[in-house]
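Asks: Sequence first, predicted coordinates after that:
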Amino acid sequence: MQFIKRYLLVFLIVLLLASIMLAAGNGAMHIHAQQVIAILLKKMGIRLNVECSEGMENILWQLRLPRVCLGILVGAALGISGAAMQGLFRNPLADPGLIGISAGASLFAVLTIVVLVTVPAISAHTSFLPQYYLLNVLTFMGACITSLLVFRMSRIKGKTLIATLLLAGIAVNALCGACTGLITYNASNEQLRNITFWSLGSLGGASWQTVLALLPFVLPPLCLMPFLGKALNAYSLGEAEAGYIGIHVKALKWKIILLSTMAVGASVAVAGIIGFVGLITPHILRTVSGSDHRRLLLNSALLGASLLTLADVVSRTIIAPAELPIGIMTALLGTPLFIMLLLKQKKQILTA
């Protein structure tokens with residue numbers, strides 16, 4: 001076990017690199033690993049003696065690589081946000097959806113699909129944005145608004161109570177779910193198909209433009225959250241105990257909620273609802289390397305990126321040439337694994 005802990009970071013980096021090569025090479029047209037490397041080096045001005053057609057170059061550079069990069073960013077954002085939220089709530093079953101991020105994003109996405117693009121007066125004022133980008137912008141706004149609402153509801157005399165935050169999140173999730181259902185009930189057949197496709201999650205809309213638009217929202221949380229590991233370790237002892245050793249608990253809560261909302265809200269906006277990545281990733285790592293958040297946060301980002309990249313490979317090859325929504329794939333793969341981890345923990349408790 002000590003060997004695994006010591007070299008876990010190296011293993012996760014190698015796993016991510018292997019996932020990237022697998023995702024870049026597999027699809028309707030198979031591209032060998034050496035061809036992938038040759039095409040990438042060619043873009044940097046280095047030519048290898050490997051035969052690559054122009055079609056391969058276009059597929060890899062215009063379709064595969066943007067999708068792989070988007071999967072890495074979204075998976076890393078969901079993984080690290082899930083670990084941070086579980087540390088904040090001191091509950092291994094917590095995930096970013098608890099504070100209304102996903103529910104708010106879903107509500108605004110459905111509102112955009114059903115109402116905004118069909119009302120002439122509103123469509124005229126938003127015509128400068130294509131419908132796809134309007135959906136992304138408003139979905140991100142919905143995630144931010146609901147998480148801010150939950151956070152404000154949980155504040156009592158200047159303090160944010162975790163129990164109240166959880167209850168406020170449940171209430172806002174229920175309200176957003178009811179409003180989403182009401183709007184969906186009045187949707188047309190075409191709108192229902194769009195809502196269903198979005199809610200199941202997909203990386204099919206990936207492009208370099210999408211990746212660059214996501215970077216400003218995902219990169220800051222990925223860079224800053226690992227530095228909160230020491231504070232989260234102290235916070236796991238209790239709020240009062242963390243305060244005694246110099247941790248600014250209020251600022252810690254603000255940082256985690258703000259950074260998680262940025263990362264998950266932007267990810268949901270571009271990829272739809274993708275479940276289980278933020279929940280299962282920290283669980284897997286805890287069974288291997290323990291609950292030290294100094295390592296857990298960074299490792300969760302790396303493993304989340306690998307898991308989502310691999311899930312995307314399976315989703316677009318298992319029923320090729322058709323494509324299975326990645327949200328279905330993550331649920332199908334994540335649920336049995338999550339049950340196995342729960343049974344393992346139960347067994348450990350009974351034998352302790």
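Replies: That came through fine. Numbering: from 1, shown residues only.
Asks: Past the helix or strand bottoming out on mean pLDDT in the chain, which element shows up next along the chain?
Replies: For the chain, using mean pLDDT, DSSP states H and E, the weakest element among its helices and strands is helix 120-125, scoring a mean of 50. Once the chain leaves helix 120-125, the next helix or strand it forms, by DSSP states H and E, is helix 131-153.
Asks: Let me know the average pLDDT across stretch 74-87.
Replies: If you average the pLDDT over stretch 74-87, you get 94.
Asks: That stretch: how far from the chain's middle?
Replies: Average the C-alpha atoms of stretch 74-87, do the same for its chain, and the two points are 7 Å apart (CA atoms, centre = their mean, to the nearest Å).
Asks: Please save the CA atoms from that stretch in PDB.
Replies: Backbone C-alpha positions of stretch 74-87 (Å, rounded to 0.1, in the frame of the first residue of the first chain) are rendered in PDB as follows:
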ATOM      1  CA  VAL A  74     -14.700  18.500 -17.800                       C
ATOM      2  CA  GLY A  75     -13.500  15.300 -16.100                       C
ATOM      3  CA  ALA A  76     -10.800  17.100 -14.100                       C
ATOM      4  CA  ALA A  77     -13.300  19.900 -13.100                       C
ATOM      5  CA  LEU A  78     -15.900  17.300 -11.900                       C
ATOM      6  CA  GLY A  79     -13.300  15.200 -10.100                       C
ATOM      7  CA  ILE A  80     -11.700  18.000  -8.100                       C
ATOM      8  CA  SER A  81     -15.000  19.700  -7.300                       C
ATOM      9  CA  GLY A  82     -16.400  16.400  -6.000                       C
ATOM     10  CA  ALA A  83     -13.400  15.900  -3.700                       C
ATOM     11  CA  ALA A  84     -13.600  19.500  -2.500                       C
ATOM     12  CA  MET A  85     -17.400  19.300  -1.800                       C
ATOM     13  CA  GLN A  86     -17.000  16.000   0.100                       C
ATOM     14  CA  GLY A  87     -14.300  17.700   2.200                       C
END
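Asks: helix, strand or coil for residue 246?
Replies: Going by DSSP: H, G, I helix; E, B strand; the rest coil, the secondary structure assigned to residue 246 is coil.
Asks: Next, count neighbours for it.
Replies: Counted with other CB atoms under 10 Å, the burial measure for residue 246 works out to 8 neighbours. All C-beta spots, glycine's among them, are computed from the backbone N, C-alpha and C.
Asks: so how far is residue 216 from it?
Replies: Remark: distance between residue 246 and residue 216 (CB to CB, to the nearest Å) = 32 Å.
Asks: can you pull out the helices in the stretch 1-150 of the chain?
Replies: In the stretch 1-150 of the chain, the segments counted as helices under DSSP state H, counting those that start in this stretch are 2-25, 33-43, 54-58, 65-89, 101-114, 120-125, 131-153.
Asks: helices or strands up against the longest one?
Replies: So the one you mean is helix 65-89. Contact here means 3 or more CB pairs under 8 Å, 6 or more residues apart in numbering; DSSP states H and E; on that basis helix 65-89 packs against helix 2-25, helix 162-185, helix 208-224, helix 229-235, helix 249-271, helix 277-289, helix 293-317.
Asks: Give me the contact list for the fourth one.
Replies: Which is helix 229-235. Taking contacts as CB atoms under 8 Å, 6 or more residues apart in numbering, the residues outside helix 229-235 that touch it are 84, 87-88, 90, 241-242, 245, 247, 249, 252, 256, 292-298.
Asks: Can you go through those residues and name the buried ones?
Replies: Burial by neighbour count, judged by 16 or more other CB atoms under 10 Å, picks out 84, 87-88, 242, 247, 249, 252, 256, 292-293, 295-298 from these.
Asks: any weak-confidence spans in this structure?
Replies: When residues are selected by pLDDT under 70, those of the chain lie in 1-4, 116-133, 158, 352.
Asks: Just want the most central residue of it.
Replies: In the chain, the centroid-proximal residue (CA atoms, centre = their mean) is residue 78; its distance is 2.8 Å.
Asks: so that one makes contact with residue 267?
Replies: Yes: with contact taken as CB atoms under 8 Å, residue 78 and residue 267 are classed as touching, separated by 6.2 Å.
Asks: Find residues that contact each of these two.
Replies: Contact with both residue 78 and residue 267 is made by residues residue 274, according to CB under 8 Å, 6+ apart.
Asks: coming back round to it: which of the helices of the stretch 1-150 of the chain sits closest to residue 185?
Replies: With CB to CB, the closest approach to residue 185 among the helices of the stretch 1-150 of the chain belongs to helix 101-114: 9.8 Å.
Asks: Are there helices or strands packed against that closest one, and which ones?
Replies: Packed against helix 101-114, as judged by 3+ CB pairs under 8 Å, 6+ apart, are the following elements: helix 131-153, helix 162-185, helix 189-199, helix 249-271.
Asks: Let's have these in CSV, adding distance to residue 331.
Replies: Shown next, in CSV, are the helices and strands packed on helix 101-114 (distance: least, CB to CB, whole Å):
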stretch, distance to residue 331
helix 131-153, 20
helix 162-185, 18
helix 189-199, 12
helix 249-271, 14
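Asks: out of the ones you listed, deepest packed?
Replies: Across the helices and strands packed on helix 101-114, the average number of neighbours (mean count of other CB atoms under 10 Å) peaks for helix 249-271, which reaches a mean of 23.
Asks: who touches the residue nearest to residue 60 when sequence neighbours are not counted in this structure?
Replies: Distances taken as CB to CB, 6 or more residues apart in numbering put residue 39 closest to residue 60, at 5.3 Å, once the chain neighbours are dropped. The neighbours of residue 39, taking CB under 8 Å, 6+ apart as the test, are 31, 52, 56-57, 60-61.
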